[in-house]
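Peer 1: Make a model of this:
(chains A and B)
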Amino acid sequence: MKIASWNVNSLKVRLPHLTQWLADAQPDVVALQETKLEDAKFPVDELAAAGYRAVFSGQKTYNGVAILARDEPRDIVTDIPGLDDPQRRILAASVGGLRVVNLYVVNGKAVGDPKYAYKLDWLARVRDFLADELARHPRLVVLGDFNICPDDRDVYDATAWGEDILCSPPERAGLKAITDLGLHDSFRLFEAEGGHYSWWDYRQAAFRRNMGLRIDLILIGEALKSIARAATIDREPRRWERPSDHTPVMLELDLGTSP
DNA sequence: ATGGTGGGCTTCCCA
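Peer 2: From the prediction side, this is the model:
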């Protein structure tokens, strides 16, 4: 089974890229972020024609998350219990014998900004939600745009970036509180070197110069660690005309033949 | 220190 995450930065603009990539990569489950679409405008029919069921939690202009799958996703959750948040950033579903939680983590703008405080609080609440999810569903996958570089290997120039937004110690502590639940950064099960990124700024020819960050992650519960086969970043869609600033990340799990 | 680019119910906000 192939499970993927992609921040598409407007599904309206990127739908042709998405359908092309689905045909090329043949993923079984895909988590999308920044769809920027109201639910009524989600391209259900186009994705069904591509062979995927879809569930989604969107809003106009900003945010928006979706899960695509070959099989119908079930037991949908669109909100963190107890958190009244109009921003559509989380979507959980059961699919293909897995529990999948798709996150579009708050960017935070800058250390000290009000959005940064919202980010740290949101992360703490997600951590508590994930603790409950993991207790109920050992076969848990938590993936999405985390808007946090796990460590300096995930930053093109860690010295210059320093402790700015996406790399500040409190953000990294917020991520560590999540991985400390027993969720592994699947990419690091296969690759120890730096220089592998999932996002490149649109400015300054950042992609051509590989000035990127690895902020799109697929975390897996301990129960899935032994069946992880490969974790990859597909840079190809970032080369296409009018790309998203993020590129898809993918994990292959060996779930065997029994359901 | 600044600003560069891109998406969006656009002349600013968000990333």
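
Peer 1: pLDDT averaged over the particular helix or strand that has A:A135 in it - what is it?
Peer 2: Assigning secondary structure by DSSP states H and E places A:A135 in helix A:114-136. The pLDDT scores in helix A:114-136 average 98.

Peer 1: Which elements pack onto the helix or strand just after that helix?
Peer 2: Beyond helix A:114-136 on the C-terminal side, the first helix or strand identified by DSSP H and E is strand A:140-145. If you count contacts as 3 or more C-beta pairs under 8 Å, 6 or more residues apart in numbering; DSSP states H and E, strand A:140-145 packs onto strand A:2-7, strand A:29-33, strand A:98-104, helix A:114-136, strand A:216-221, helix A:222-225, strand A:249-253. The C-beta positions use only the backbone N, C-alpha and C, and glycine is treated the same way.

Peer 1: how about those, which one is nearest DNA strand B?
Peer 2: helix A:114-136 (5.4 Å; C-beta to the nearest atom of the strand).

Peer 1: Give me the angle between that closest one and strand A:98-104.
Peer 2: 180 degrees (axes from the mean of the first three to the mean of the last three C-alpha atoms, to 10 degrees).

Peer 1: that older thread, with distance to DNA strand B as new columns, can the helices and strands packed on strand A:140-145 be given to me in a markdown table?
Peer 2: What follows is the helices and strands packed on strand A:140-145, written out as a markdown table (distance: least, C-beta to the nearest atom of the strand, whole Å):
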| stretch | distance to DNA strand B |
| --- | --- |
| strand A:2-7 | 8 |
| strand A:29-33 | 9 |
| strand A:98-104 | 9 |
| helix A:114-136 | 5 |
| strand A:216-221 | 11 |
| helix A:222-225 | 28 |
| strand A:249-253 | 16 |
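
Peer 1: Which secondary structure elements does the helix holding A:A135 sit against?
Peer 2: The contact analysis (3+ C-beta pairs under 8 Å, 6+ apart) places helix A:114-136 against strand A:90-95, strand A:98-104, strand A:140-145, helix A:169-179.

Peer 1: What residues of the longest one count as buried?
Peer 2: Okay, so that is helix A:169-179. A:E171, A:R172, A:G174, A:L175, A:A177, A:I178, A:T179 (16 or more other C-beta atoms under 10 Å).

Peer 1: what separates A:A54 from A:S226, distance-wise?
Peer 2: Here the criterion is C-beta to C-beta, to the nearest Å. By it, A:A54 lies 30 Å from A:S226.

Peer 1: and stretch A:225-240, how far out from the chain's middle?
Peer 2: What separates the centre of stretch A:225-240 from the centre of its chain is 12 Å, taken as C-alpha atoms, centre = their mean, to the nearest Å.
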